[in-house]
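> Please work out how this folds:
(chains A and B)
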Number of protein chains: 2
Amino acid sequence: MNCKKVTFDDIAQYTNFSKTTISRYFNNPDSLTSKNQEIIAQALIDLNYRQNKVAKILANGRSEFIGVIVPNLYLHYYSEILNQILSSYERFGYKFLVFAGNSNEAIERRCIQELLAYNIEGMIVLSHTISSGELASYGIPIVTIEREDEYTSSVNTDNYMGGVQAASLLGKCHCDILIHINVDVPEAVPAHGRIQGFLDACIEHGLPHELILRDLGDSYAANREALWKIAVYLNEKYEGKRKGIFLANDTYANIFLNRLIRLHGFLPEDYRIIGFDNSPISEEAVIPTSTVGQQIDKIAKTAVEMLVEQISEQKRGKRSGSRKPIHTVITPVLIKRDTTDAAE
Amino acid sequence: MNCKKVTFDDIAQYTNFSKTTISRYFNNPDSLTSKNQEIIAQALIDLNYRQNKVAKILANGRSEFIGVIVPNLYLHYYSEILNQILSSYERFGYKFLVFAGNSNEAIERRCIQELLAYNIEGMIVLSHTISSGELASYGIPIVTIEREDEYTSSVNTDNYMGGVQAASLLGKCHCDILIHINVDVPEAVPAHGRIQGFLDACIEHGLPHELILRDLGDSYAANREALWKIAVYLNEKYEGKRKGIFLANDTYANIFLNRLIRLHGFLPEDYRIIGFDNSPISEEAVIPTSTVGQQIDKIAKTAVEMLVEQISEQKRGKRSGSRKPIHTVITPVLIKRDTTDAAE
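Residues are numbered from 1 along each chain as shown, chains lettered A, B, ... in the order given. Reported below is the predicted structural model:
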């Protein structure tokens, strides 16, 4: 391995670019064409060049690290948000230290302490474990996504609007009874808005409705068992009536749909179904399923932008503790597929 | 914000633990009970304690960072591997800097240069963009997963065995013709083994078979169009024969299955279907689908262990460049569900 210190002069000479161009590559790479970026990148490899970013952190405090805490990456919602956050690298240059908390409060606290020890410049938190009050007390820029957010700036889907959209679409499908199936989401959690929006829209338009809020289990098998019980109950109670079912997410909607297909071979005329999220399963279901689509790209982009703004405010001397939290909501998009083919 | 430097003495006094206990919390936390870990973690917050890990990197070169390069997190396979890699934090304490390459070679090269500038101790690479020869030339410990790996140590599923398992199961279902649908995977990519294993098993057991290897598109809509064409072709060519279809992944298997259900309302007696991966869609499909299951937890765990071993070898003075690559294969697990209910 070549251990001699490689300088900007060496790189300039090797590539036939000026030293200014080499410097721009490191500080503002997008001011160069991608062709020239590639030439310089290749030269760095050939010359075995290594920047020392660590010394830079000590010198100016800028680690260029952002911490991201997700509950897990098993659920598509979290992995897709992370996917979109990571892709902001090209635009802002921040590097992401990622932790999966797995709902373990002690571990999550320890990993946040570690992140702080590396001088991270900010943090995006999707995990629910630690209260927004505690997060705010760390004194660094923080943005939370779709969780309790009293003391932190946040980006959430407009869940209330999503509930209204779902109820309105089922109403237009001439359903005799509208049903919303969900867990009993606490009011402080943004997703509670789905329940409230559905309820308010039903009341406003005089649509008969029923809320079914109960524990639906934490595994796919448990979800299926709980939802099948509900399906049997609804089928008996509302026999002969057209039932419009709004489920809290696309996984639940898919379970409900699959049961009907297995029983009948097709989606019976007296059922309409809509889910929430627009996760892949809604498109890949045996009958592509209508859903209230979360704009995950926009949520992630907004979260990164808000965080970068907070970071630059802090650099200008504003203390993040003294800032009032800003809560941004992103409107969901109603996606009509084949389970709600309404005549409008 | 309290900016006075907080010492181990302060923490010991505040918690009534000894300084040795506090020191163990930082160097070997699992030697303490989780209760005591929590007490100390809370004290660190109350006292606003911050370690300075950055100075430590400069002092001893140990950043405790591992870089992870994934192609994307949209595909469940990559997000679940990452999920499992991140969960090794509790065991080894490494922090993960994660990049999504999105098949952009120039950006990927730039982000690897940045990772090296932060003194990362090793790298796990799932992305296909950069050759294993180039990766090996970086001179740091590297483990690759399920990609070309001539010059790097790697962990892969035993794809060949998976192809054999799929063909054998379809043979036991008394299929008259076995079909494998895949893209034309190059021989250097581990997944090529699925094709070879299927082919060899068919020949060995004298099972009539057909390989369909072609471009199946890169979006769900394109996959569906390509697979529907193949379904029409197979249905005509092998009318009246029992067809055993082995598809390259569970997404393809689900598309194929859904088409049959939409046409017939049930899975016809002359079709048997098996996918690959054991991704959630195989369980959540309208008919739970048989699959060759990749042991993602084991793959990720093995990759981290191999990397940690390489890192400690390097610390003991062995140069990673001089090591011969080790290729570990993980046996897949055949998961029989309702699309191959064979009498065995």
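> Can you get me a residue count around the closest residue to chain B within the stretch 151-300 of chain A?
Closest contact between the stretch 151-300 of chain A and chain B, by CB to the nearest CB, is at residue A:265 (2.5 Å). Where C-beta positions appear, they are placed from N, C-alpha and C, glycine not excepted. Neighbour count for residue A:265, taken as other CB atoms under 10 Å in any protein chain shown: 13.
> quick one: pLDDT of it?
For residue A:265, the model assigns a pLDDT of 96.
> Please apply the same query to the one 3 residues further on.
Note on residue A:268: pLDDT of 96.
> Would you agree it is in contact with residue A:260?
Yes - using CB atoms under 8 Å, residue A:268 is in contact with residue A:260, at 6.3 Å.
> For the residue in the stretch 101-250 of chain A positioned nearest to chain B, give its distance to residue B:49.
Nearest residue of the stretch 101-250 of chain A to chain B (CB to the nearest CB) works out as residue A:117 at 3.7 Å. Between residue A:117 and residue B:49 the distance is 9 Å, computed by CB to CB, to the nearest Å.
> For the two, indicate the residue with more neighbours.
residue B:49 (22 against 18).
> Is the more buried one located within a helix, as I assumed?
No - checked against DSSP: H, G, I helix; E, B strand; the rest coil, residue B:49 lies outside a helix; its state is coil.
> what does the stretch 151-300 of chain A put close to chain B?
A:220, A:251, A:254-255, A:257-258, A:261-262, A:264-266, A:280-281, A:283-287 (CB under 8 Å from any CB of the partner chain).
> among these, which are in helices?
A:220, A:251, A:254-255, A:257-258, A:261-262, A:264, A:280-281, A:283-284 (DSSP state H).
> Chain A: helices as residue ranges?
A:8-15, A:19-27, A:34-47, A:53-60, A:76-86, A:89-92, A:105-117, A:132-137, A:159-172, A:192-204, A:220-237, A:250-264, A:280-284, A:296-315.
> out of the ones you listed, nearest to residue B:63?
helix A:53-60 (7.3 Å; CB to CB).
> that older thread, so between residue A:268 and residue A:260, which is more surrounded?
Neighbours per residue, other CB under 10 Å: of residue A:268 and residue A:260, the larger number sits with residue A:260, 21 against 13.
> Read off the pLDDT value for the more buried one.
97.
> what's the answer for residue A:318, then?
66.
> Now for the closest residue in space to residue A:168 that isn't next to it in sequence, how many residues are close by?
Using CB to CB, 6 or more residues apart in numbering or on different chains and skipping residues adjacent in sequence, the residue nearest residue A:168 is residue A:201, 5.9 Å away. Using other CB under 10 Å, residue A:201 has 23 other residues around it.
> do the one 4 residues further on as well
A total of 14 residues lie near residue A:205 under the criterion other CB under 10 Å.
> Please tell me I have it right and residue A:67 contacts residue A:124.
Yes - applying CB under 8 Å as the test, residue A:67 and residue A:124 come out as touching, 7.4 Å apart.
> Where does pLDDT dip in chain A?
Of all residues in chain A, those with pLDDT under 70 make up the ranges A:1-5, A:318-322, A:342-344.
> what's the closest non-adjacent residue to the residue positioned nearest the centre of it?
Closest to where the C-alpha atoms of chain A average out (CA atoms, centre = their mean) is residue A:81, at 3.8 Å. Nearest residue to residue A:81 in three dimensions, chain neighbours excluded: residue A:300, at 5.2 Å (CB to CB, 6+ apart).
> And for the one you found, the neighbour number?
Neighbour tally, residue A:300, other CB under 10 Å: 23.
> residues contacting it?
A:81, A:83, A:84, A:85, A:88, A:145 (CB atoms under 8 Å, 6 or more residues apart in numbering or on different chains).
> re the thing from before, and the ones in helices among the residues of the stretch 151-300 of chain A next to chain B, which of them are buried?
Listed as buried from these are A:251, A:254, A:255, A:257, A:258, A:261, A:280, A:281, A:283, A:284; burial here means 16 or more other CB atoms under 10 Å in any protein chain shown.
> Confirm for me that the first one is in contact with residue A:222.
Right, the one you point to is residue A:251. No - using CB under 8 Å, residue A:251 makes no contact with residue A:222, being 11.8 Å away.
> Could I get the contacting residues of residue A:222?
residue A:216.
> Tell me how far it lies from residue B:80.
Taken as CB to CB, the span from residue A:222 to residue B:80 is 20 Å.
> Out of the buried ones among the ones in helices among the residues of the stretch 151-300 of chain A next to chain B, the closest to residue A:181 would be?
residue A:255 (10.2 Å).
> thought that closest one was touching residue A:224?
Yes - with contact defined as CB under 8 Å, residue A:255 reaches residue A:224; the gap is 5.2 Å.
> And for stretch A:208-218, what's in contact with it?
Contacts of stretch A:208-218 (CB under 8 Å, 6+ apart): A:167, A:176-185, A:195, A:198-199, A:202, A:222-223, A:225-227, A:230, A:252.
> which of those count as buried?
Of the contacts of stretch A:208-218, these count as buried by 16+ other CB under 10 Å: A:167, A:177-183, A:185, A:195, A:198-199, A:202, A:223, A:226-227, A:230, A:252.
> Residue A:153 is in contact with residue A:313, isn't it?
No - using CB under 8 Å, residue A:153 makes no contact with residue A:313, being 11.1 Å away.
> between the two, who's got more neighbours?
residue A:153 (23 against 14).
> what number of residues lie near residue A:20?
Neighbour tally, residue A:20, other CB under 10 Å: 10.
> same question but for residue A:238, I mixed them up
Other residues close to residue A:238 by other CB under 10 Å number 17.
> And for it, nearest residue in space, chain neighbours not counted?
residue A:177 (5.3 Å).
> Enumerate every residue touching the one you found.
With CB under 8 Å, 6+ apart, residue A:177 has these contacts: A:208, A:209, A:210, A:238, A:241, A:242, A:243, A:244.
> out of the residues you listed, which one sits closest to residue A:7?
residue A:244 (69.2 Å).
> I'd say that closest one and residue A:179 touch.
Yes - assessed by CB under 8 Å, residue A:244 is found in contact with residue A:179 at 6.9 Å.
> Please report how far residue A:120 lies from residue B:81.
24 Å.
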